[in-house]
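[1] When you get a sec, could you give me coordinates for this:
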Amino acid sequence: MKLSILMPVYNERTVVERCVANVLDAPLPEDLDREIIMVDDRSTDGTWDILQRLAAEHSCISLHRHEANQGKGAAVRTAIQKATGDFCIIQDADLEYDPAEYPRLLRPLLDGHADAVFGSRYLAGGATRVLPFWHTVINKTLTLVSNMFCNIKLTDMETCYKAYRTDILKSIPIRSNRFGIEPELAMKSAKRQLRIYEVPISYHGRTYEEGKKIGWKDGVKALVQIIHFWLIDDLYIEPYGRGVLNNLTGTPRYLSWVARLVRPHLGDSVLEIGAGIGHMTGRLMARRLEYVAAEKDPLYLHALRNRFLRTPNVFVQRFDPEAPAGMPELANRFDTLVCLNVLEYVTDPEACLAGLQRTVKPGGNVVLLVPQGRALYGRIDRTLGHRRRFSRSEVEMMLDKAGFETERVISLNRAGAVAWALAGKVLRRRSLSKVTLKLFDKTVWFWSRVDRLLPWPGLSLIAVGRRRAD
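    A predicted model of the protein is given here:
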């Protein structure tokens, strides 16, 4: 295994060589190699020359440079892209944090208990230089506000020392270029429901005369960042997430509406295909004897296992909906197959549904949710990765060919169909803004009540089928 040490550097010529020496000498757990990824943020004081020499002397140093100064967040973002280790630690180049404490940060990760570990300057157990009163008050206030919006209990949100599993860190989109990276990572880690641990660390803070760069303006910006990332659900970079999952994160009331329509058709044992990060699983699994949340994406599987770690009736299963024959132990096992927002992504939905039919007991149900209306297919669908939209007749025919009798079809979200057509067809947009989705979700209570009164087809279709006896 390997640890990637991510080191943003800007104008630190007086301390950077000693800091790198400390990182090179830092003790690591057995069988853990290290790489140091240094990103010079266009230093102007001779730091770059020192870094070039160090990189030439030590093969474990990977050196990169920005063409223009952008800030700590931008430098960390570049370093993350270059990381090849199993775990990452962010390390400032200013000697305020002690690399000798890497084993303490890494232990919860290596033991499999954590996805992220924050080093806290305020937990008992670390030696800390006495700092100016107001500096400490501002740090603790920012942490308090962050906790209020994140709904987690950190003692030190603004800490530099944050250690992550690399696959998870690479999947988090980092938008902040400066010190806003700290509240951004805290907020997104909380929203992703990562297993976050805190460990005590020592802290040897500098004064502004000694070179400290962060100031009160950065504190104000941090408050703005906390509110911004509370409002905006920007949790997965594109290669790691189906776009619909990112959007659905911010629409809990809509998801609850869908769940109310699906729930009456579920039996005691349920297989949910394409469970994603557990949005619907959490709403449907109650009072089921067995609920299997199935996914093929490793990142989503990890998120599901974290979320339902202590839920005894929920089991997480790796499952490719386009290759169901590879799971013979699931044949004729479930009362209900739930397939929500899946068939629009697969190459051959008819063959996929026919293969999934084998998992359902004779007389059991399948519940489908698919996007409706071929005429609505456009730029937004392509951005989300949809291959198609469906008509009611196509869904009924597909169910019949797969061995199901159609029992009920519900046209859903007629108001959304208008917004989709306007954004995708008229305005030629590639996506719905997250603000629009938030506003829609706040008014779902109204749209759900008038939905059946509107005279046009809905944006989505829920279909319920019963498996015919063999």
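[2] State whether residue 322 and residue 354 are indeed in contact, as I suppose.
    No. The pair residue 322 / residue 354 is not scored as a contact, 11.4 Å apart, by Cβ atoms under 8 Å. From N, CA and C alone the C-beta is placed, and that goes for glycine too.
[3] Could you pull out the buried residues of the helix ranked longest in the chain?
    When the chain is parsed with DSSP state H, its longest helix is helix 133-150. For helix 133-150, the neighbour count (16 or more other Cβ atoms under 10 Å) marks 135, 138-139, 142-143, 145-147, 149-150 as buried.
[4] State the next helix or strand along the chain beyond that helix.
    Sequence-wise, the next helix or strand downstream of helix 133-150 (DSSP states H and E) is strand 162-165.
[5] just checking, what packs against the helix or strand just after that next one?
    Beyond strand 162-165 on the C-terminal side, the first helix or strand identified by DSSP H and E is helix 166-171. Contact here means 3 or more Cβ pairs under 8 Å, 6 or more residues apart in numbering; DSSP states H and E; on that basis helix 166-171 packs against helix 72-82, strand 87-90, helix 298-307.
[6] For helix 166-171, give the mean pLDDT please.
    Mean pLDDT, helix 166-171: 90.
[7] what's the answer for stretch 152-163, then?
    Mean predicted confidence for stretch 152-163 is 95.
[8] send the alpha carbons of the helix or strand hosting residue 335 over as CSV?
    If you go by DSSP H and E, residue 335 is part of strand 334-340. Taking Å, rounded to 0.1, in the frame of the first residue of the first chain, the C-alpha atoms of strand 334-340 are listed here in CSV:
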residue,chain,number,x,y,z
PHE,A,334,-37.5,-12.1,-3.7
ASP,A,335,-41.1,-11.0,-3.4
THR,A,336,-40.3,-7.7,-5.1
LEU,A,337,-37.8,-6.4,-7.6
VAL,A,338,-37.4,-2.6,-7.4
CYS,A,339,-35.7,-1.0,-10.5
LEU,A,340,-35.8,2.8,-10.2
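[9] partners of that strand in the sheet?
    Applying DSSP bridges, strand 334-340 is found paired with strand 269-273 (parallel), strand 360-371 (parallel).
[10] so where's the stretch 151-300 of the chain uncertain?
    206-216, 238-250 (pLDDT under 70).
[11] quick one, strands of it?
    Counting by DSSP state E, counting those that start in this stretch, the segments of the stretch 151-300 of the chain that form strands are 162-165, 196-200, 269-273, 290-295.
[12] Tabulate these (CSV), appending distance to residue 446.
    Output for those, formatted as CSV (distance: least, Cβ to Cβ, whole Å):
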stretch, distance to residue 446
strand 162-165, 41
strand 196-200, 37
strand 269-273, 29
strand 290-295, 31
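[13] Redo the helices and strands packed on helix 166-171 as JSON lines? Include mean neighbour count and distance to residue 384.
    Listed next are the helices and strands packed on helix 166-171 as JSON lines, based on neighbours: other Cβ atoms under 10 Å; distance: least, Cβ to Cβ, whole Å:
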{"stretch": "helix 72-82", "mean neighbour count": "21", "distance to residue 384": "24"}
{"stretch": "strand 87-90", "mean neighbour count": "26", "distance to residue 384": "29"}
{"stretch": "helix 298-307", "mean neighbour count": "20", "distance to residue 384": "16"}
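[14] Quick one: these as a markdown table, columns for distance to residue 106 too.
    Converted to a markdown table, the helices and strands packed on helix 166-171 look like this (distance: least, Cβ to Cβ, whole Å):
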| stretch | distance to residue 106 |
| --- | --- |
| helix 72-82 | 17 |
| strand 87-90 | 6 |
| helix 298-307 | 18 |
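[15] So which of these is nearest residue 270?
    In terms of Cβ to Cβ, the element of these nearest to residue 270 is helix 298-307, at 14.2 Å.
[16] What is the subsequent helix or strand relative to the closest one?
    strand 314-318.
[17] quick one: buried residues of that next one?
    Within strand 314-318, judged by 16+ other Cβ under 10 Å, the buried ones are 314, 316-317.
[18] same thing with stretch 88-106?
    88-99, 101-102, 104-106.
[19] re earlier: tell me the least confident of the buried residues of helix 133-150?
    For the buried residues of helix 133-150, the weakest pLDDT value sits at residue 135, with 76.
[20] ranges for the helices of the stretch 201-350 of the chain?
    Assigned by DSSP state H, counting those that start in this stretch, the stretch 201-350 of the chain shows helices spanning 216-231, 243-248, 252-262, 281-284, 298-307, 349-356.
[21] Next, the angle from the longest one to helix 133-150.
    Going by axes from the mean of the first three to the mean of the last three Cα atoms, to 10 degrees, helix 216-231 is angled at 10 degrees with respect to helix 133-150.
[22] tilt between helix 216-231 and helix 72-82?
    60 degrees.
[23] what packs against helix 216-231?
    Using 3+ Cβ pairs under 8 Å, 6+ apart: helix 216-231 touches helix 133-150, helix 181-191, helix 434-442.
[24] TSV for the buried residues of strand 314-318, including distance to residue 349 and pLDDT?
    Output for the buried residues of strand 314-318, formatted as TSV (distance: Cβ to Cβ, whole Å; pLDDT from 0 to 100):
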residue	distance to residue 349	pLDDT
314	26	94
316	24	94
317	21	92
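[25] Could you give the separation between the terminal residues of stretch 328-337?
    From its first residue to its last, stretch 328-337 covers 15 Å (Cα to Cα, to the nearest Å).
[26] next one: it to chain centre, how far?
    Centroid separation for stretch 328-337 versus its chain: 30 Å, with Cα atoms, centre = their mean, to the nearest Å.
[27] and it, average pLDDT?
    90.
[28] for stretch 442-452, same thing?
    Averaging pLDDT along stretch 442-452 gives 94.
[29] now swap in stretch 349-365 and tell me
    Average pLDDT, stretch 349-365: 94.
[30] Run through who's touching it.
    265-267, 271, 273, 321-325, 327, 330-337, 339, 342-343, 346, 366, 368, 388, 398-399, 401-404, 407, 464-470 (Cβ atoms under 8 Å, 6 or more residues apart in numbering).
[31] Now the weakest link among the helices and strands packed on helix 166-171, please, by mean pLDDT.
    Sorting these by mean pLDDT places helix 298-307 lowest, at a mean of 84.
[32] name the helices or strands packed onto it?
    Identification of packing neighbours for helix 298-307 by 3+ Cβ pairs under 8 Å, 6+ apart yields helix 166-171, helix 281-284, strand 290-295, strand 314-318.
[33] Which one of these lies nearest to residue 429?
    Per Cβ to Cβ, nearest to residue 429 of the helices and strands packed on helix 298-307: helix 166-171, 25.0 Å.
[34] Which parts of that closest one count as buried, going by neighbours?
    166, 168-171.
[35] now those in CSV, with distance to residue 21?
    Shown next, in CSV, are the buried residues of helix 166-171 (distance: Cβ to Cβ, whole Å):
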residue, distance to residue 21
166, 24
168, 30
169, 25
170, 28
171, 32
